[in-house]
Structure formats: C-alpha cells, structure tokens
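Enquirer: One predicted model, sequence on top.
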Amino acid sequence: MPDVANRAEAKLALPPTEMLAGPSKGWGARRIARDMRADALTPSRIHTLLRDAETGDISAQCELFEHMEERDGELGAHLRTRKAGVLKWPWTIEPADDSANAAKAAELCQETIAGIEDVEATLFDLLDAIPKGFSILEIDWRTDKTSWTPVGLVFRPQRHFTLADDGTTLMLRGEGYDEKLPLPDSKFVIHRAHAKSGYEWQTSLLRSCVRAWILRFYGWKDWSAFAEVFGMPPRIGRLPPNTAFNSPEATQLYDAVRHMGTDMAALISAEAQIEFPEIGSRTDHPSEMIIAAAGRELTLAILGQTLTSGGEQGGSYALGQVQNEVRLDLVQSDARSLSRTLTRQLLRPIVLLNLGAGYPVPEWTINVQEPVDLQQRANVVNILADRLPIAAAPIRKEFGLPEPEGDEEVLGQKPLAAPATYSAVPVQRGRRAVARPSPRILEALPDEILNSAAFVTEARRGGLAPARLLEMLNQATPPAAPASAFRRLRPDALSWLREKRVADQSTWDGLSPAGRQRAWWVTGLDEQATARLADMLTEAAANSWTENQFLERIEAAGLAVTGDKEPGEGQIADWQARLVHDQNRWAAYHAANWQQMQETAAERGYVQRMCGGGPCDICSPYCGQVHRLGEIGALFGALHLGCQCEDVSVSQSEVDRESINVLEAPDESAVPEGFRFNRGDAFYLESKGQAPATERGRQDRGILAGRPLPSALIGG
C-alpha cells in the first residue's frame with residue numbers, strides 16, 4: 001500500500017475504517033421501521049413535511065418519497081423504466097491514458113469490481129437518486145498488509161441522513177434525532193441526480209411530483225367510493241307526516257334505505273315510502289379525469305414524454321420517435337452522471353489507497369447508444385446495394401450476422417461488393433449551395449445516362465441535384481456486373497500510369513513528392529516484382545477490374561497474401577496491396593482530371609475544391625475555395641492518404657454570375673509535406689509533349705529518365 005506521505009500527496013484523508021458507519025438501528029434516528037403512517041398523509045401533513053425539509057430536516061421528506069413510490073404503481077413503474085434505461089447498457093472500466101501506470105490502475109479496478117457481488121444491484125441502488133435527489137451506499141472495506149478492498153456496497157436509506165447548515169452537505173443522523181455526524185472520507189458513495197437547481201432539499205424529482213401524487217392519492221379514494229354506488233339509482237325515504245327526524249321510526253327508515261344498496265330488501269311501516277327517482281346520466285367522472293391528468297403530469301416529470309409510456313392514446317409513429325429521443329436524452333444524462341460518481345467516489349479511492357497518486361484513475365463508462373431501426377436500415381442497404389458497391393463486414397457487424405464458414409448454407413444470392421468511395425457533394429458558392437455530382441459518381445454512371453440530353457444539360461453545368469441523379473439511376477437499366485468506382489478511367493489516366501518508371505531505393509530517396517507520383521516503388525518488392533504489380537494494376541484500370549479482382553490476381557501471382565497473413569519474402573500484405581491500388585488509381589484519375597482542365601483552361605480557368613466523404617481537419621480549410629487554375633499549386637487532387645475530395649472547373653461567367661470570391665494566393669500550410677507539391681510537376685504527359693512546371697520537377701524528370709518502364713522489366 002502507498003505510504004502516509006503518498007496519501008497526503010494524493011489529498012486523501014486517513015484511510016477509511018473497516019467498521020460500517022451507518023447501519024440501521026432498532027431505535028433512534030436510524031431505525032429500520034418508518035415513523036410515518038401512510039393513512040396519516042393528509043395534505044396539511046405533507047405540507048408540514050416539505051416545510052421541515054427547508055430547515056435541513058430532510059428525513060421526513062425522504063420517507064414521504066418512499067411512500068409515494070410504493071403506493072402508486074404507475075409512479076413506481078415509470079421510475080423503474082427510467083432506471084432500467086441506464087441499467088440495460090453495458091459498462092466498462094477504461095484506462096485514463098495510454099501509459100503503463102494507467103493500464104495497471106484500470107486492471108486493479110476491474111479485478112476489484114469483479115469481486116463485488118451483484119454489481120447490477122449496486123447500480124440500481126445508486127439510481128434511486130433519480131427520484132429522491134441523492135442515493136448513498138456505504139463501502140464495506142476489507143484490508144490486509146498489502147491492499148484495501150471493497151467487498152460490498154450497502155444501501156443506506158435517505159431518511160437516515162440530514163443536511164448541514166449550508167443546505168447542501170449531507171450528514172449522517174446519530175443515535176439522537178438532533179445529532180449530526182460528518183461522513184467519513186472514502187467511506188460512502190454519494191450519487192446525486194438533481195432535477196432542478198437549488199439546495200439539496202429542493203433538487204429531488206419527486207418533490208415536483210407531490211401535487212400530482214396527492215391528487216391521485218385522494219382521487220383513488222373518491223373513485224373507490226364512487227365505484228361502490230355506480231349504477232345504483234338514488235334512494236329517498238319519505239317519513240309519515242308528523243314524524244320527527246330523530247325518532248326511532250326515522251332511524252329505521254334510514255337503515256332500510258341504506259340496506260337497499262346491498263341487500264335489496266327492507267322492512268318499513270305502511271305509512272313510510274322509499275322512492276327511486278330517475279336522474280339524467282353522465283359519462284364523465286371527475287375522479288377518473290383527475291387521476292388521469294395527474295398521471296400524465298407524473299409521466300412527463302419522470303420520462304419527459306408520454307407516448308412511449310402508454311400515457312397517450314394514439315399519436316403518430318414519427319411523433320413517438322421524436323419523443324422517444326427526449327427520453328433517450330434523459331438516459332444518456334443519467335448514465336453520464338452515474339459514471340462520474342463511480343469514477344470519483346469508488347474507483348479513485350481504490351487506486352489511491354492501493355497504488356498512490358502516481359497512477360491515473362480509470363474511467364467508469366456506461367456505453368449508451370442511440371437505437372437503430374434495423375428494418376429501415378436494411379431497406380436502405382438493399383436499395384443502395386443495387387447501385388453501389390458496399391462493404392459486407394460492417395453490415396454484418398451492425399446486424400450481428402457472422403461470416404459464413406466453409407460450405408455452410410447461406411441466405412441470399414447477391415454478395416456485397418467492395419466499399420464505395422464516391423458520393424454526391426454539395427459545392428458552396430457565394431451564399432448558396434449548388435449540388436454537383438461527384439466525379440467519382442460520374443465514373444460509375446452507365447453510358448445511357450452519360451449520353452442523355454438531361455445529363456448533358458443538367459449535370460455538366462453543375463446543376464444536377466443528388467435526388468435528380470438518383471431518379472436517373474432508377475430509370476436506367478441496371479448494369480450486368482457490380483459497378484466499380486473506377487469503371488471508366490479516361491485514356492489520359494491510363495497514359496499517365498504507363499509513363500511511370502520503376503524506381504529503386506536510392507532513386508526513390510532522391511525524388512521530390514511530385515517525382516514520386518511518377519514512379520513505381522513498393523516496400524518489400526524488388527524491381528522485377530514491382531514491375532509485375534504495376535503492369536497488373538494498369539491492366540486492372542484498363543479493364544475496369546474492381547479492387548477485389550485486382551487483389552485476387554496479384555495473390556494468385558504470389559505477390560501478395562490474403563487477410564491477416566504475414567507476407568513472405570517478395571510479398572506484400574493485403575492492406576499494403578489495397579493502399580498501392582487506391583493511391584495509384586486515384587492519382588491517375590486526378591492526373592486525367594488535371595489534363596482535361598488544362599485543355600479547357602481558356603473557357604474554364606478557375607478550380608473549385610469540393611469536399612466529399614466528410615471533410616477532415618486537413619481538407620476543411622479548403623472546402624469550397626476557388627482559385628485560378630494557373631495558381632492552384634498543391635491544392636488539387638488528394639491532399640492526404642484516403643482523401644475523397646474533388647476539383648471542378650469554373651468558368652468566368654459563373655464567377656461573375658454567382659459573385660464567387662476567387663482567392664489570389666493559395667495557403668498550402670495545412671497540406672502535409674508529402675502532398676505539398678506543384679501538380680504540374682506530377683500530372684504532365686510526355687506523350688503529349690508536356691514537361692514539368694518547375695525546376696524541381698525537371699530535376700525529378702532527369703533522375704527518372706534512366707529508370708526502366710515496367711514493360712521493359714517483364715518483357716511486355
């Protein structure tokens with residue numbers, strides 16, 4: 001255990017005593033039996049209890065709350081629902097950081113909590129703070145020469161506590177009703193759940209429910225009395241003339257009238273009469289209406305809504321979903337509050353008493369997740385799978401579906417393809433957003449759409465909204481094979497791939513980032529193997545192979561291994577093969593896009609940056625920016641690994657018509673160094689007689705001039 005000096009450094013008081021500090025007694029202020037009788041709870045008595053709480057004597061108020069929860073089944077059910085909303089989610093104990101000390105502290109806490117019997121019941125007891133404002137558990141410590149260990153957490157009723165003069169600090173009631181004892185350090189776990197701000201006696205949820213509960217409590221009495229005579233006609237007895245109301249004859253007649261309500265038999269004198277007059281009927285019953293209205297008030301106070309509690313008849317499904325989200329917010333708030341309490345008041349003493357202040361306290365985390373409509377999700381996936389490649393693994397994980405093994409029988413016939421890497425992206429221009437389809441979508445469109453008059457007039461002018469594009473896709477004939485994000489690389493992209501030279505280690509080290517775009521070099525492969533891989537990747541681009549088809553070919557050729565297998569000599573891992581595939585094919589795509597913009601520079605001399613797939617910290621500063629094509633520098637194409645952003649050309653007329661702000665000097669400071677280069681040094685085509693744009697690019701060209709093309713190394 002840490003020494004005394006270490007504890008002082010940890011700002012921890014003396015170690016807690018092993019003896020339980022707050023057990024119930026058979027007498028005194030902490031007696032087991034309650035003092036308050038439920039049948040004595042008149043409105044005036046309840047008012048007195050609430051006033052007493054304002055002076056710091058909260059025990060009677062807490063006892064009132066116990067009666068409220070026990071004697072109103074609907075109120076108790078709503079409170080159990082609120083608590084169950086937190087308890088149903090899994091919880092974990094996570095290290096505070098990545099250090100070894102944090103991992104050791106988390107491991108200690110995990111082992112200690114695992115040794116406590118019925119942790120779920122402990123959490124349920126702490127959540128009793130939701131209705132009553134606070135809940136207290138006493139830690140039952142056991143110690144030996146090396147450790148302090150909590151072996152149990154004992155629930156202590158709120159009525160056993162009182163408030164200090166500040167109206168906030170909780171104190172333990174002593175053996176006498178006026179005796180107040182301070183709570184020992186590291187001995188109690190005090191969870192607070194305040195429904196409103198204020199002093200401790202003001203903050204409980206049930207205090208705001210007292211009025212509605214009184215109406216229901218007395219409403220049920222009235223309702224029971226009404227039910228006894230409901231459906232019976234009124235009975236009126238008529239005394240003979242000159243008969244006194246206090247005479248024996250009057251008493252006998254009154255008893256006879258009363259017995260007619262149960263026995264339907266009576267004995268009266270000939271002069272006396274019993275009448276059964278008819279009165280108008282009514283269908284509304286005030287007692288029932290009072291009970292229902294008070295019930296709705298309780299439901300709103302506890303759950304924040306009524307549709308998911310059965311408190312409203314009817315209501316649309318959409319409205320129910322919205323109100324259920326309000327209830328989810330309460331669950332998330334309750335879970336965060338409980339996690340903080342357990343971290344600070346249970347895990348912290350365990351770490352400080354056993355390890356000392358040098359070990360970060362782990363965090364108790366309750367993982368509340370927003371519910372997902374799996375049927376709706378399945379419908380969306382089914383629609384998208386007809387048009388876009390979708391990765392199978394995350395879909396199986398989301399639905400809890402295992403991977404099929406061997407020849408195991410499977411459902412469905414259409415497998416999900418590789419991940420889609422294209423999307424429609426809104427382009428911000430001036431004050432309004434113009435929806436332009438992503439160029440990656442354009443690569444996947446069938447010819448009948450690309451050649452249609454609607455597409456030419458709408459899409460190529462930048463005015464094709466995603467909804468309109470989806471409409472066109474639905475009207476088009478589905479392709480026979482799954483679409484690939486790289487189905488139709490333009491000839492310039494293939495020419496650019498074929499001009500790339502095979503580099504060795506020393507050549508690669510001497511190239512700038514722009515020069516490396518024009519070279520083939522793969523860690524783990526020699527020049528011959530690199531040339532074979534480059535040739536197969538170029539063939540994949542020319543023949544519209546998917547990524548998976550490309551991987552199958554290089555795996556069959558022995559250049560790569562599948563899944564998590566370790567690559568052997570002259571091989572690369574699956575993840576590395578995918579990286580080589582994506583980086584080179586998208587670089588070719590951007591090279592072709594660059595070439596096209598150079599050809600139309602006279603008519604469309606500006607470039608706008610379009611962020612896709614959710615802008616990251618690198619790309620966000622450049623989203624929507626417009627620059628002159630000749631000054632674009634590094635702000636074109638991919639700005640980092642996995643970048644999904646695009647570039648579109650903009651004409652002078654668009655700049656004038658839409659009042660677009662053209663930036664004169666691009667700020668490239670956010671671009672990583674490996675991507676900060678002039679695109680004119682990387683995307684030129686020697687087959688068109690082009691040359692690098694800068695002196696550094698010309699140096700790279702000279703370095704690569706002596707390196708072979710892939711075809712020269714493999715004899716193609």
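Expert: Here it is on my side, so go on. Numbers count the residues shown, from 1 in each chain.
Enquirer: Quick one: the strands in the stretch 601-716 of the chain, in order.
Expert: 606-610, 626-628, 646-650, 662-663 (DSSP state E, counting those that start in this stretch).
Enquirer: which one of those strands lies closest to Arg31?
Expert: strand 606-610 (72.9 Å; CB to CB). All C-beta spots, glycine's among them, are computed from the backbone N, C-alpha and C.
Enquirer: what's that closest one packed up against?
Expert: Applying 3 or more CB pairs under 8 Å, 6 or more residues apart in numbering; DSSP states H and E, we find strand 606-610 packed against strand 425-429, strand 626-628, strand 646-650, helix 652-657.
Enquirer: That strand pairs with which strands, and in what direction?
Expert: In the sheet, strand 606-610 lines up against strand 626-628 (antiparallel), strand 646-650 (antiparallel) (DSSP bridges).
Enquirer: circling back to that earlier point, can I get the strands of the stretch 601-716 of the chain in JSON lines with mean neighbour count?
Expert: Shown next, in JSON lines, are the strands of the stretch 601-716 of the chain (neighbours: other CB atoms under 10 Å):
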{"stretch": "strand 606-610", "mean neighbour count": "24"}
{"stretch": "strand 626-628", "mean neighbour count": "19"}
{"stretch": "strand 646-650", "mean neighbour count": "22"}
{"stretch": "strand 662-663", "mean neighbour count": "14"}
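Enquirer: ok, back up a step: looking at the helices and strands packed on strand 606-610, which is nearest to Ser711?
Expert: Using CB to CB, the helices and strands packed on strand 606-610 put strand 646-650 closest to Ser711, at 30.8 Å.
Enquirer: as a whole number, average confidence for the closest one?
Expert: Across strand 646-650, pLDDT averages out at 86.
Enquirer: can I get the CA coordinates of that strand in CSV?
Expert: In CSV, the C-alpha atoms belonging to strand 646-650 read as follows (Å, rounded to 0.1, in the frame of the first residue of the first chain):
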residue,chain,number,x,y,z
GLU,A,646,-12.6,16.6,-55.8
ASP,A,647,-11.9,19.5,-58.1
VAL,A,648,-14.2,21.0,-60.6
SER,A,649,-13.6,23.7,-63.2
VAL,A,650,-15.4,27.0,-63.1
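Enquirer: okay if I get the helices and strands packed on strand 606-610 as JSON lines plus distance to Lys145?
Expert: Listed next are these as JSON lines, based on distance: least, CB to CB, whole Å:
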{"stretch": "strand 425-429", "distance to Lys145": "65"}
{"stretch": "strand 626-628", "distance to Lys145": "72"}
{"stretch": "strand 646-650", "distance to Lys145": "67"}
{"stretch": "helix 652-657", "distance to Lys145": "80"}
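Enquirer: For Leu709, find the nearest of these.
Expert: strand 646-650 (28.4 Å).
Enquirer: Output the strands paired with strand 606-610 as TSV; include the columns distance to Pro666.
Expert: Formatted as TSV, the strands paired with strand 606-610 follow (distance: least, CB to CB, whole Å):
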stretch	distance to Pro666
strand 626-628	5
strand 646-650	12
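Enquirer: Any idea which of the ones you listed gets closest to Ala493?
Expert: strand 646-650 (14.6 Å).
Enquirer: re the thing from before, Ala53: which of the helices and strands packed on strand 606-610 is closest?
Expert: Per CB to CB, nearest to Ala53 of the helices and strands packed on strand 606-610: strand 425-429, 56.5 Å.
Enquirer: Average pLDDT for the closest one, rounded please.
Expert: 35.
Enquirer: quick one: the strands in the stretch 151-300 of the chain?
Expert: 161-163, 170-173, 180-181, 188-192, 236-238, 273-275.
Enquirer: Could you save those as TSV and add columns showing distance to Thr81, mean neighbour count and mean pLDDT?
Expert: Below are the strands of the stretch 151-300 of the chain laid out as TSV (distance: least, CB to CB, whole Å; neighbours: other CB atoms under 10 Å; pLDDT from 0 to 100):
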stretch	distance to Thr81	mean neighbour count	mean pLDDT
strand 161-163	26	24	86
strand 170-173	27	19	86
strand 180-181	35	16	86
strand 188-192	19	20	91
strand 236-238	49	14	75
strand 273-275	51	13	65
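Enquirer: Which among those is found nearest to Val210?
Expert: Of all these, strand 161-163 comes closest under CB to CB, at 18.7 Å.
Enquirer: Can you give me the pLDDT of Arg604?
Expert: 88.
Enquirer: okay, now it: neighbour count?
Expert: Arg604: 18 surrounding residues under other CB atoms under 10 Å.
Enquirer: Return the distance of the closest residue to it other than its chain neighbours relative to Val655.
Expert: Of all residues not flanking Arg604 in the chain, Ser649 sits nearest, at 3.9 Å (CB to CB, 6 or more residues apart in numbering). Noted for Ser649: a distance of 11 Å to Val655, by CB to CB, to the nearest Å.
Enquirer: overlap in contacts of those two?
Expert: Tyr606 (CB atoms under 8 Å, 6 or more residues apart in numbering).
Enquirer: Leaving out chain neighbours, which residue sits closest to Trp364?
Expert: That would be Leu342: by CB to CB, 6+ apart, it lies 4.0 Å from Trp364.
Enquirer: Do I have it right that Leu163 meets Gln202?
Expert: No - assessed by CB atoms under 8 Å, Leu163 is found out of contact with Gln202, at 11.0 Å.
Enquirer: Nearest to Arg698, out of the helices and strands packed on strand 606-610?
Expert: Of the helices and strands packed on strand 606-610, the one closest to Arg698 (CB to CB) turns out to be strand 626-628, at 23.0 Å.
Enquirer: looking only at pLDDT, what's the mean for the closest one?
Expert: 89.
Enquirer: what's next to that strand, contact-wise?
Expert: 429, 605-609, 635, 650, 655, 660-664, 666.
Enquirer: Name the residues of stretch 635-647 that come out as buried.
Expert: Buried residues in stretch 635-647, defined by neighbour count with 16 or more other CB atoms under 10 Å: 635-639, 643-647.
Enquirer: export the strands of the stretch 601-716 of the chain to TSV and tack on distance to Asn242?
Expert: Below are the strands of the stretch 601-716 of the chain laid out as TSV (distance: least, CB to CB, whole Å):
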stretch	distance to Asn242
strand 606-610	105
strand 626-628	110
strand 646-650	108
strand 662-663	111
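Enquirer: For Ile618, find the nearest of the strands paired with strand 606-610.
Expert: strand 646-650 (14.9 Å).
Enquirer: Can you give me the buried ones in stretch 98-118?
Expert: Result for stretch 98-118 [16+ other CB under 10 Å]: buried residues 101-106, 108-110, 112-113, 116.
Enquirer: Over to stretch 65-80?
Expert: 65-69, 72, 74-75, 78-79.
Enquirer: Out of the buried residues of stretch 635-647, which is nearest to Thr243?
Expert: Distances from Thr243 to these, taken by CB to CB, are shortest for Gln644, at 100.6 Å.
Enquirer: in the stretch 51-200 of the chain, what spans have low per-residue confidence?
Expert: In the predicted model of the stretch 51-200 of the chain, no residue satisfies pLDDT under 70.
Enquirer: cutoff 80 now
Expert: Scanning the stretch 51-200 of the chain for pLDDT under 80 picks out the ranges 51-57, 59-62, 64-65, 67-79, 145-146, 175-178, 195-196.
Enquirer: all helices for it, in order.
Expert: When secondary structure is read from DSSP state H, counting those that start in this stretch, the stretch 51-200 of the chain shows helices at 59-71, 73-87, 100-114, 119-126, 129-132.
Enquirer: would CSV of those helices with distance to Arg701 be doable?
Expert: Formatted as CSV, the helices of the stretch 51-200 of the chain follow (distance: least, CB to CB, whole Å):
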stretch, distance to Arg701
helix 59-71, 82
helix 73-87, 65
helix 100-114, 50
helix 119-126, 68
helix 129-132, 72
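Enquirer: closest to Gly176 out of those helices?
Expert: Here helix 59-71 is closest among the helices of the stretch 51-200 of the chain (CB to CB), at 12.8 Å.
Enquirer: Can you tell me which helices and strands the closest one packs against?
Expert: helix 43-53, helix 73-87, helix 129-132, strand 161-163, helix 210-229.
Enquirer: quick revisit: quick check on the residue nearest to Trp364: phi, psi?
Expert: phi -70, psi -40 (degrees, to the nearest 10).
Enquirer: No more questions from me, cheers.
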